[in-house]
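J.: Structure, please.
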Amino acid sequence: MEELIMCFVGYAALLALGLRALRREGRKIDRGLYIVLVAWCAYMNIAGLLRWPTGSVAELNGWLFFPVGQWILALLDGMV
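T.: All right, here's what the predicted structure looks like:
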């Protein structure tokens, strides 16, 4: 349980310090990407501690890119 609390505290500090530094730069897209990156890293770390399922780039390929590629091939097959 202490590991989980330390993980939350660490990522909260990382998020606060990073957003404070990015606020000076002025670009909202950078802050948004930073929040998404820190949230993803925090989830992956907490999921490892609690043994929750985690995703990977290979799973993303299977869920998204492969079906889209098959759909595009089916469209191109009908045109030729």
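
J.: what about residue 67, neighbour count?
T.: Around residue 67 there are 10 other residues, counting by other Cβ atoms under 10 Å. Heads up, the C-betas are built off the backbone N, CA and C, glycines and all.

J.: From the contact counts, what lies against the strand or helix carrying it?
T.: Here residue 67 sits within helix 66-79, counting by DSSP states H and E. Judged by 3 or more Cβ pairs under 8 Å, 6 or more residues apart in numbering; DSSP states H and E, helix 66-79 has no packing partners among the helices and strands.

J.: could you give the mean pLDDT of it?
T.: What helix 66-79 shows for mean pLDDT is 85.

J.: and it, which residues are buried?
T.: When neighbours are counted by 16 or more other Cβ atoms under 10 Å, no buried residue of helix 66-79 is found.

J.: From here on, call the first residue 34.
T.: Got it, first residue is 34 now, which makes that one helix 99-112.

J.: just the CA coordinates of that helix, formatted as PDB?
T.: Output of helix 99-112 as PDB, limited to C-alpha atoms (Å, rounded to 0.1, in the frame of the first residue of the first chain):
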ATOM      1  CA  PHE A  99      -4.800  -4.100 -38.600                       C
ATOM      2  CA  PRO A 100      -8.600  -3.800 -39.100                       C
ATOM      3  CA  VAL A 101      -8.200  -0.400 -40.700                       C
ATOM      4  CA  GLY A 102      -5.600  -1.800 -43.100                       C
ATOM      5  CA  GLN A 103      -7.900  -4.700 -44.000                       C
ATOM      6  CA  TRP A 104     -10.700  -2.300 -44.600                       C
ATOM      7  CA  ILE A 105      -8.500  -0.200 -46.900                       C
ATOM      8  CA  LEU A 106      -7.400  -3.300 -48.800                       C
ATOM      9  CA  ALA A 107     -11.000  -4.300 -49.200                       C
ATOM     10  CA  LEU A 108     -11.800  -0.900 -50.700                       C
ATOM     11  CA  LEU A 109      -8.800  -1.000 -53.100                       C
ATOM     12  CA  ASP A 110      -9.700  -4.500 -54.200                       C
ATOM     13  CA  GLY A 111     -13.100  -3.300 -55.300                       C
ATOM     14  CA  MET A 112     -11.600  -0.500 -57.300                       C
END
